[in-house]
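Asks: Predicted coordinates and the sequence they were generated for:
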Amino acid sequence: MFKTGMKELDKLLGGIREHAYILFHEEDPRSLGRELVFRFIRYKLENDNLMGIFNISYSLPFLLEVMCKNGIDADSYLDSLNLAIVDTFGSFYGPRIRRRGVWYLPGSPSYELLSRKYAEVVRAHKELWAEKGMFSGRELWGVAVDVSEYIRIFGEANTLSYFEISAEVRRQHEAYRRYPAGTNIWVFSGDVDRVFSSLYRRVDYVFRTRSVLTEDGVTRYLYVLKAPGLSDIPVFEYRITKDDVKVKRT
């Protein structure tokens with residue numbers, strides 16, 4: 001079981017199961033759900049784990065700026081190869097910035113071919129990890145930020161088809177059979193739709209962040225909508241500080 005770094009959440013869940021799929025829903029931007037995800041990435045990298053970020057929403061310079069604001073020295077982790085970034089945004093829209101640890105998808109990706117192109121890039125970086133013996137004793141994580149962007153790129157129906165194809169590719173491709181498989185987080189933002197519902201059925205864990213504006217300011221909540229062994233919906237209030245995430249159960 002892997003820790004999230006949020007003690008109260010880990011106490012409830014006992015950690016996250018290895019190789020699990022996690023859907024993380026930022027219901028509204030004011031909840032700072034994505035920032036919570038970046039703090040998780042920081043926690044895992046600071047503990048010398050392996051992290052792949054599938055960047056769908058940001059230009060690469062902006063992504064690196066967001067990571068820096070959340071205390072992540074992305075340049076250092078890219079240079080050490082602990083961090084790999086698959087720059088989907090740059091693959092679609094440009095620019096393609098060449099540097100160690102950053103990968104781009106060849107050609108003009110379509111929803112039919114996207115998952116296979118991802119698999120080839122994942123295989124290439126896993127080869128580097130294997131050559132350097134980096135798998136041993138480390139957790140392997142993949143974070144996609146954010147998958148709701150596919151709906152704006154491909155449309156809802158084609159996005160549903162993409163995830164069907166992706167599931168089949170992950171079952172068969174050597175990137176996931178020859179090399180260790182990771183534990184994966186899909187970040188989803190905005191309103192619930194058919195894509196969200198489809199992903200909900202596929203994953204092991206579902207978390208949702210929501211904010212409420214009160215006279216005293218913004219209160220932020222984390223809901224555990226789905227987790228192995230849970231029959232209720234635990235709710236946590238959280239506060240993000242410069243160096244930590246404060247979480248308490250309500």
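Replies: Noted; the coordinates are in hand.
Asks: So which residue is dead centre in the protein?
Replies: Among the residues of the chain, the one closest to the centroid is Val143, at 2.1 Å (C-alpha atoms, centre = their mean).
Asks: List the residues that contact that one.
Replies: 37, 41, 51-54, 184-185, 187 (C-beta atoms under 8 Å, 6 or more residues apart in numbering). Backbone N, C-alpha and C define where each C-beta goes, glycine included.
Asks: So among these, which ones count as buried?
Replies: Members of the contacts of Val143 that pass the buried threshold by neighbour count (16 or more other C-beta atoms under 10 Å) are listed as 37, 41, 51-54, 184-185, 187.
Asks: what separates the residue located most distally from the centre of the chain from Thr209, distance-wise?
Replies: The outermost residue of the chain relative to its centre, with distances by C-alpha atoms, centre = their mean, is Glu215 at 33.0 Å. Distance of Glu215 to Thr209, computed by C-beta to C-beta, to the nearest Å: 21 Å.
Asks: How about Ile233?
Replies: Going from Ile233 to Thr209 by C-beta to C-beta gives 14 Å.
Asks: Let me see the ranges of the helices in this protein.
Replies: 7-13, 33-46, 60-69, 74-80, 88-93, 114-131, 149-154, 156-172, 174-177, 194-202 (DSSP state H).
Asks: hey, which of those helices is tucked in deepest?
Replies: Most buried of the helices of the chain, by mean neighbour count (mean count of other C-beta atoms under 10 Å): helix 33-46, with a mean of 21.
Asks: Check the offset of that helix from the chain's centre.
Replies: The chain centroid and the centroid of helix 33-46 are separated by 9 Å under C-alpha atoms, centre = their mean, to the nearest Å.
Asks: Same question for stretch 119-133.
Replies: For stretch 119-133, the separation from the chain centroid amounts to 19 Å (computed by C-alpha atoms, centre = their mean).
Asks: what does that stretch rub up against?
Replies: With C-beta under 8 Å, 6+ apart as the criterion, stretch 119-133 contacts 50, 52, 81, 84, 86, 101, 103-105, 134-135, 169-170, 173-176, 178-180.
Asks: Same check on stretch 42-54?
Replies: Contacts of stretch 42-54 with the rest of the structure, by C-beta under 8 Å, 6+ apart, involve 4-5, 41, 63, 70-72, 77, 82-86, 88, 118, 122, 125, 129, 134-135, 138-145, 182.
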